[in-house]
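**Student:** could you look at this predicted model? Sequence included:
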Amino acid sequence: MSSKVATMHDAVAELVRDGDTVAIEGFTHLISFAAGHEIIRQGRRDLTLARLTPDVIYDQMIAAGVARKLIFSWLGNPGVGGLNAIRRRIEDADPAPLEVEEYSHFGMVGRYTAGAANLPFYPLRSYFETDLPRANPLIREVESPYGDGVVYAVPPLRPDVTIIHAQRADAAGDTQAWGLLGCQKEAAFAAERVIVVVEELVDEAVVRADPNRTIIPGLIVDAVVVEPWGAHPSYVQGAYDRDNRFYLDWDPTSRDEAAVQAWLRDWVLDLDGRVAYVEKLGAERIASLRPSGSAPSGSVDYGEYR
Amino acid sequence: MNAAGGAFSKSEMMIVAAARELAGQHVCFVGVGLPNIAVNLAKRTVAPELELVYEAGVFGARPARLPLSIGDPTIVTGATAVTSMYELFSFYLQGGLIDVGFLGAAQIDRFGNINTTVIGDYDHPKTRLPGSGGACEIAINARQVFVIMRQSKRSFVETIDFRTSPGNLGGAENAARIRREQGWLGRGPSVVVTDLGIYHFDDDGEMRLDSLHPGATLEAVRETIGWEPRVAPDLATTPEPTAVELGLIRVELDPEGAYTK
C-alpha cells in the first residue's frame, strides 16, 4: 500500500486547478479552513465553489478573489448573521459580480447523491409553489414514469475536487469521522479528486478495528493531509469546539473590505501554513476550545470469524 | 429584570409563547435562530417528550447547552441518532416523520408564505438573505409549520418579494387542493408567534390574531403589519412568562442574552 500522505501545499498545488469546481464540505462541523487558506495562498482563480453553507471560509475565499461562481443552499454566518464579503459581490457587484446557483439543502444533498451514484438527476418533493425554480432553471419538474404525479429534479453535482476534514485516516486515505456527517460522503464519492485533511494519522489496524466508522475508503482518496486544528474556527467533535468568538468577530471585520484584506494578509498570506496559524492563535485560545469534558462511546464487539 | 420573574422583555415573551405552543407535539424539526431557543425551552417545560431533529443530521438531540449554531457539537453528544443529511431529509422529513417544522422568516404574508431569500429583485437584490436552507422542503413535508419572528412593516407584508417556503399560497381552499394533488405531506402553517402576539390560521387560510402579549396593543399590532389584521372576537391575553420559564432562558439557555436583547 502506497502512502498518500502529502503536505497541504503539495496537495493543493497538485489537485486544485484554476477553473475547477471545488467543494469543501462539512456541515458546520469539520470545515477545512486550512485547505481554503492554502487555496488563497496559492492564488487559484475562477473557481466555482460549492457548499451547502458557504460559511466564513467561502466568505474569505471569495473576498480573496479565488472564485467566479458560488453554488449553495444557505448563505450565512451560522448563529451570527450574513456573509458580508459575498453579499457585497451579489448586491453591489463589489469589487466584481459573483454568479450564484441556488438550491435548498435537500436539493444540494440530492445533487451530490446523483453525482456519486452516476444518476442523471435526483428527484425530491420540494420546490412546489415556490420561486426557486424560476430563480434557478436547473430545478425542473419531472413526471413520475409510474403515473403518480410530478416531483422536482436537480442535476448531479460532480466537483473536480472535494476536500473534507475528518478526525482520522490511515496513510492510504481510509477515513473515519464521527459527529455530524453532513454530506461529506456524498460529496467525496461525487468528486473526480478527493483531498482528506485529518487531525490524526493512524495505523491501518485502527481503521480495521472499527469499520463501521469509515466514511470513505482510500480507494477514492488522492491525498491525505495531516493538519491538526485544520478545521478552526469550525470544530471537530471530541477534539475542539467551534470558536464562536471568531464567528462573532468576523461580522464587523467582513463589513469593511479593507479590514477583510488586512485579515487575509495577517492570517493567511503572511503565514506559510497551518502550524504558523495555530501558533498565532496562541496556546490560551487553543486551550479554551477543548471540550469541557469527555464523553467516550462504549465499544462494540465485532467478533472474530475464522 | 431578575431571574425570579417580574419584568420580562418582548423577546422573552415571544420565546416563551412559542415554546408553549409545542405542548403535545412529538417530533420537531428545529430551525436556526429563534426556533432553536424556543424548542429547547419547550423540551425543558411543556414538552419533555419532544424529539428534537436538527437538519445537520441529528434525531433525538439532548443539547446540554443552547446550540450556538444549527450544527453545534452539543446536539450530537447524548443524541438518539446521528444521520447523514441524506437520511435526515429523505427518510425522516420526506418520509413523513416530522410533526412540526419550526421556522423563522424575514418576510411573511397573511397566508403564511415565507421569504428568506432576497429583499428586492432576485437578480439585483437590495438585501441578499440566507436563502432556503432546509426551509422549503420543511414547509412542504413537515405535518405542520410553526413560525417565530418579530413583527414589523418590513417583515409582515402584503406581498413577499420571493416565495422561498410555501404556506397557504393564495388561500386555504386552493392550497389544500394543490397540496393534495401534488402529494405534499404537510398541512402548512398553523402558528405564528411574534413579539406582540400569537396568530393561528382561519379556515380560509388567513392569519388570525388570537392572543396579545401583556403590554402589547392592537394599535401596536396594526402599526407593524402590512395588511389589516384579522382579530379573533375572543382575543385573549397571553399569560406572562413564569419564573421557571424566565430562569431557564436567562440562566441555562441564553445567559449572554444573544436571543433576548
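**Tutor:** Now that the structure is in, tell me what you want to look at. Residues are numbered from 1 along each chain as shown, chains lettered A, B, ... in the order given.
**Student:** neighbours around residue A:32, how many?
**Tutor:** 27 (other CB atoms under 10 Å in any protein chain shown). Bear in mind the C-beta positions are built from the backbone N, C-alpha and C, glycine included.
**Student:** hmm, it is touching residue A:165, no?
**Tutor:** Yes. Look at residue A:32 against residue A:165 with CB atoms under 8 Å: they come within range, at 4.3 Å.
**Student:** secondary structure element for residue 12, which one?
**Tutor:** Assuming you mean chain A. Residue A:12 belongs to helix A:8-15 when assigned by DSSP states H and E.
**Student:** not what I meant, chain B
**Tutor:** With DSSP H and E as the test, residue B:12 turns up in helix B:10-21.
**Student:** how much space separates residue B:137 from residue A:53?
**Tutor:** Residue B:137 sits 16 Å away from residue A:53, taking CB to CB, to the nearest Å as the criterion.
**Student:** now do the contacts for residue A:120.
**Tutor:** Counting by CB atoms under 8 Å, 6 or more residues apart in numbering or on different chains, residue A:120 makes contact with A:114, A:155-156.
**Student:** who wins on neighbours among those residues?
**Tutor:** residue A:114 (22 neighbours).
**Student:** how about the secondary structure of that residue?
**Tutor:** Secondary structure state of residue A:114, per DSSP: H, G, I helix; E, B strand; the rest coil, is helix.
**Student:** correct me if wrong: it contacts residue A:121.
**Tutor:** Yes. Residue A:114 lies in contact with residue A:121 (CB under 8 Å); the separation is 5.9 Å.
**Student:** got any residues that touch both of those two?
**Tutor:** A:154-156.
**Student:** compute the number of surrounding residues for the residue of chain A found nearest chain B.
**Tutor:** Using CB to the nearest CB, residue A:28 is the residue of chain A that sits closest to chain B, at 2.6 Å. Residues lying near residue A:28 (other CB under 10 Å) number 25.
**Student:** so it sits against residue A:51, correct?
**Tutor:** No. Residue A:28 lies out of contact with residue A:51 (CB under 8 Å); the separation is 11.0 Å.
**Student:** residue A:57 - how many residues pack around it?
**Tutor:** Neighbours of residue A:57 using other CB under 10 Å come to 26.
**Student:** skip the chain neighbours and tell me the closest residue to it.
**Tutor:** residue A:36 (4.3 Å; CB to CB, 6 or more residues apart in numbering or on different chains).
**Student:** re earlier: next one: the helix holding residue B:12 to chain centre, how far?
**Tutor:** Computed by CA atoms, centre = their mean, to the nearest Å, the chain-centroid distance of helix B:10-21 equals 10 Å.
**Student:** next SSE after it?
**Tutor:** Trace forward from helix B:10-21 with DSSP H and E and the next one is strand B:27-30.
**Student:** tell me the phi and psi of residue A:125?
**Tutor:** phi -90, psi 80 (degrees, to the nearest 10).
**Student:** quick check: the gap between it and residue A:153.
**Tutor:** Note on residue A:125: its distance to residue A:153, by CB to CB, is 11 Å.
**Student:** so who does the closest residue to residue B:184 other than its chain neighbours touch?
**Tutor:** Once flanking residues are discounted, residue B:184 sits nearest to residue B:140: 5.0 Å by CB to CB, 6+ apart. Applying CB under 8 Å, 6+ apart, we find residue B:140 in contact with A:125-126, A:128, B:165-166, B:184-186.
**Student:** now, the most widely separated pair of the residues you listed?
**Tutor:** Largest separation among the contacts of residue B:140 by CB to CB: B:165 and B:185, giving 14.4 Å.
**Student:** ok, those two, which is more surrounded?
**Tutor:** residue B:165 (32 against 16).
**Student:** alpha carbons of stretch B:156-168, in CSV - could you do that?
**Tutor:** The C-alpha coordinates for stretch B:156-168 follow below in CSV (Å, rounded to 0.1, in the frame of the first residue of the first chain):
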residue,chain,number,x,y,z
PHE,B,156,-45.3,41.4,7.8
VAL,B,157,-46.0,42.4,4.2
GLU,B,158,-48.9,42.3,1.8
THR,B,159,-46.7,40.7,-0.9
ILE,B,160,-43.5,38.9,-0.2
ASP,B,161,-40.6,39.6,-2.5
PHE,B,162,-39.7,36.0,-3.1
ARG,B,163,-41.6,32.8,-2.1
THR,B,164,-38.9,30.5,-0.5
SER,B,165,-41.3,28.3,1.5
PRO,B,166,-44.9,27.9,0.7
GLY,B,167,-47.7,28.5,3.2
ASN,B,168,-51.4,28.7,2.4
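**Student:** dump the residue contacts of residue 118.
**Tutor:** Unless you meant another one, I'm taking chain A. Contacts of residue A:118 (CB under 8 Å, 6+ apart): residue A:156.
**Student:** my bad, chain B
**Tutor:** B:125-129, B:161-162.
**Student:** near chain A, from the residues you listed?
**Tutor:** Applying CB under 8 Å from any CB of the partner chain to those, one finds that B:125-129, B:162 fall near chain A.
**Student:** may I ask which of these has the most neighbours?
**Tutor:** Result: residue B:162 is most packed of the ones next to chain A among the contacts of residue B:118 (other CB under 10 Å), 24 neighbours.
**Student:** read off the pLDDT value for that residue.
**Tutor:** With respect to pLDDT, residue B:162 scores 98.
**Student:** and for residue A:286, the neighbour number?
**Tutor:** Residue A:286 has 15 nearby residues by other CB under 10 Å.
**Student:** now the one 3 residues further on
**Tutor:** Other residues within reach of residue A:289 by the criterion other CB under 10 Å amount to 20.
**Student:** now do the helices in the stretch 101-250 of chain A.
**Tutor:** Secondary structure of the stretch 101-250 of chain A, counting by DSSP state H, counting those that start in this stretch: helices at A:105-116, A:132-135, A:184-190, A:204-208, A:244-254.
**Student:** roughly how far does the residue of the stretch 151-261 of chain B found nearest chain A sit from residue B:117?
**Tutor:** Relative to chain A, the nearest point of the stretch 151-261 of chain B is residue B:166 (4.3 Å; CB to the nearest CB). For residue B:166, the distance to residue B:117 equals 13 Å [CB to CB].
**Student:** still on that earlier bit, dump the residue contacts of the residue of chain A closest to chain B.
**Tutor:** A:53, A:55, A:78, A:180, A:182, A:234-235, A:242, B:56, B:69-72.
**Student:** how's chain A carved up into domains?
**Tutor:** A:8-106+A:157-288, A:120-154 (automatic domain parsing).
**Student:** now do the last one: distance from first to last residue.
**Tutor:** This points to domain A:120-154. Length of domain A:120-154, first residue to last, CA to CA, to the nearest Å: 9 Å.
**Student:** got it, and stretch B:111-126?
**Tutor:** 24 Å.
**Student:** in it, what's buried?
**Tutor:** Burial within stretch B:111-126, assessed by neighbour count using 16 or more other CB atoms under 10 Å in any protein chain shown, is assigned to B:111-119, B:122, B:125.
**Student:** next: stretch A:211-230.
**Tutor:** So stretch A:211-230, judged by 16+ other CB under 10 Å, has buried residues A:213-216, A:218, A:220-230.
**Student:** next: stretch A:102-115.
**Tutor:** A:102-115.
**Student:** check these against chain B, which are close?
**Tutor:** Answer for the buried residues of stretch A:102-115 near chain B (CB under 8 Å from any CB): A:102-106, A:109, A:113.
**Student:** okay, now the unreliable bits of the chain?
**Tutor:** Since you didn't name a chain, this refers to chain A. The model of chain A has pLDDT under 70 over residues A:1.
**Student:** hmm, no, I was thinking of chain B.
**Tutor:** In chain B, residues with pLDDT under 70: B:1-6, B:261.
**Student:** thought residue B:144 was touching residue B:189?
**Tutor:** Yes. Counting by CB under 8 Å, residue B:144 does reach residue B:189; the two are 7.3 Å apart.
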